[in-house]
Each structure stands twice: as structure tokens, then as C-alpha cells.
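What follows is a protein structure lacking sequence information:
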């Protein structure tokens, strides 16, 4: 694949303006237009200025669009990878459960033999071993939809590894009337924002994320809350504003989702809690 050429439009526009300014300085004490050649020269410089400005605007918009696509593609790859890993874990646990089921009659026979001999310590040891094997095959599920469940599991596991407490109360059905992959990407975006903000909190008690959702009569309400000890500014669309390069793309992706599915997005910051609520109709 061909690599992208570095973008320098943000400074290239200075060139024609410097040329125009230098021409003005050189003729400041002379007649502004002394002939047809000078008139044509000045007109061409002005046209060049506008052309460069237009190219700059178009290029920056294209670059922003590419950044958005790249970000979403990365999230999709992560989501698919986590989903595959989760399915592999399920298959492994199914195999372990089959082995346990097959060996259960042997364990029961041993327990019966130990009972006959009144060897209760050995019975406790056998039961503990069975309990341990069963706990190792346990899969934590957050919702009925497998793709959303895999997406949530990926970031919740990351959050726990970073010492962040995650509270969940999630109600998302198996079947949805929208593209589940699109919703998974939105959830990944919201989770990533919450995880990044929580990991920067100074106090461990403020490293907490709350995830909740409710599905009723075809409408899904999904909310992510996290503690934040800084200042949050919002733009005219009610989205949080960031000055960090590369950040804020996730929220623009969420906004694009709401426009695609005619849903609504609400962001708020009160008493140290940043909250994002997504309402999806006809879901």
C-alpha cells in the first residue's frame, strides 16, 4: 500500500502571501499599478492566494475524514479480534466442561468409596478440585448480544487491569434492528474515552466507570459515566471539546452514528461525573 505523503498545507499558504506582501513593500512609495504587466502579476498572485487557501481547506477536511476512518477501522479490528478470542475461550471452556462431565462419574465413585471408608478429608479434597475446575470454565457475560458482549468484555478487562472499578447493569437483547457492528464501535468509543479519563485520575477512589443500559419497546438507552477532576468545555453541539491532537475523533464517530440512525446523544458534567447518554429508537 502506498504511504500517505506528509501534509504541509497548514504552512504552505504563507508562501503566496509573503510574495504579495513583498511586492507591496517594494512598490509602497511608487504607483500601485504602473502597467498592464504589473496588474496581471498582482491579479495572478491574488488568485494563487485563494487557490492555496482552498486547497488547504479541502486537504484538511480530507485528512480529518481519513483520521476518522482510520480510528474506526482500528476499533473494528480490535472488536473483531476480541470477539474471536472470546469465541475461542468459549470453545475451550466447552471442551473442559465435556471433560468434567465425562470424569464426573469417576469422581462420584471415588466420593462413594471415601464415604464408605469415612475418609472425609479426601472427600473435601475431591470436591474442592471439582469446584476449582468448574470456576476455571466460568465465562462472565454482560449482555445477551454476543458482539456487544465481546466489545464490553475487552475494555472492561483493560480497565480492571489498570485498577479501575467498573460497575455494570446492562440490558441489550440478542437481536437488534440496527447494525450491531456500528453499535459495538460506538460503545468502544465511549468506553475508550471513559477508560482514558479514569486512568488519569489521581485518587484511586475516582478511578471508576459506570455502564448501564435499558432496552424497552424498541428503544435502547446506553449510558457511560466516569469520574473526572478537570474542566470540561462543550461545543455548540454539546460535545466535549479537546485541544489534544488526535483526540475527539471518537465523539465525532458517535455523533455520526446518531445521525445515521436518527438517535440522540447527550453529554453532561456535574459534581465531578462526566456522563454520556445515547438514545437509539427503533433499535
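Here it is on my side, so go on. Predicted model, so just to flag it, every value in this text is computed and none were measured.

what stretches of the stretch 51-200 of the chain score poorly on pLDDT?
Low-confidence segments of the stretch 51-200 of the chain, defined by pLDDT under 70: 64-65, 68-91, 93-94, 96-97, 100-102, 105, 107, 109, 130-139.

quick one: the strands in it?
Per DSSP state E, counting those that start in this stretch, the stretch 51-200 of the chain carries strands over the ranges 165-169.

where do the helices sit along it?
Applying DSSP state H, counting those that start in this stretch to the stretch 51-200 of the chain gives helices spanning 120-136, 146-161, 180-199.

winner for burial among these?
Among those, helix 180-199 has the highest mean neighbour count (mean count of other CB atoms under 10 Å), at a mean of 21. Backbone N, C-alpha and C define where each C-beta goes, glycine included.

And for the helix or strand following it, what's in contact with it?
Using DSSP states H and E, the helix or strand that follows helix 180-199 in sequence is strand 208-216. The contact list for strand 208-216 (CB atoms under 8 Å, 6 or more residues apart in numbering) reads 143, 152, 156, 159, 164-173, 191, 194-195, 198, 220-227, 283.

any idea how far residue 52 lies from residue 45?
Noted for residue 52: a distance of 11 Å to residue 45, by CB to CB, to the nearest Å.

now residue 205
The gap separating residue 205 from residue 45 is 62 Å, by CB to CB.

between these two, which one's more packed in?
When residue 205 and residue 45 are compared for neighbours, residue 45 comes out ahead with 16 against 8, by other CB atoms under 10 Å.

Phi first, then psi, for that one.
Residue 45 has phi and psi values of phi -60, psi -40 when expressed as degrees, to the nearest 10.

What pLDDT is listed against it?
Per-residue pLDDT puts residue 45 at 73.

which SS class is residue 223?
strand (DSSP: H, G, I helix; E, B strand; the rest coil).

so what's it closest to, chain neighbours aside?
Nearest residue to residue 223, sequence neighbours excluded (CB to CB, 6 or more residues apart in numbering): residue 277, at 4.7 Å.

wait, is the one you found part of a strand?
Yes. Counting by three-state DSSP, residue 277 is found in a strand.

show me what contacts it?
Contacts of residue 277 by CB under 8 Å, 6+ apart are 221-223, 265-267.

which of these are buried?
221-223, 265, 267 (16 or more other CB atoms under 10 Å).

As TSV, those with pLDDT and distance to residue 254 would be great.
Compiled in TSV, the buried ones among the contacts of residue 277 are given as follows (pLDDT from 0 to 100; distance: CB to CB, whole Å):
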residue	pLDDT	distance to residue 254
221	96	14
222	96	10
223	96	13
265	93	6
267	92	9
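
Would you point out the most distant pair within these?
Distance extremes for the buried ones among the contacts of residue 277: the farthest pair is 221 and 267 at 14.4 Å, using CB to CB.

mind listing what the closest residue to residue 152 other than its chain neighbours touches?
Nearest non-adjacent residue to residue 152, counting by CB to CB, 6+ apart: residue 142, 4.6 Å away. Listed by CB under 8 Å, 6+ apart, the contact partners of residue 142 are 148-149, 152-153, 156, 168, 170.
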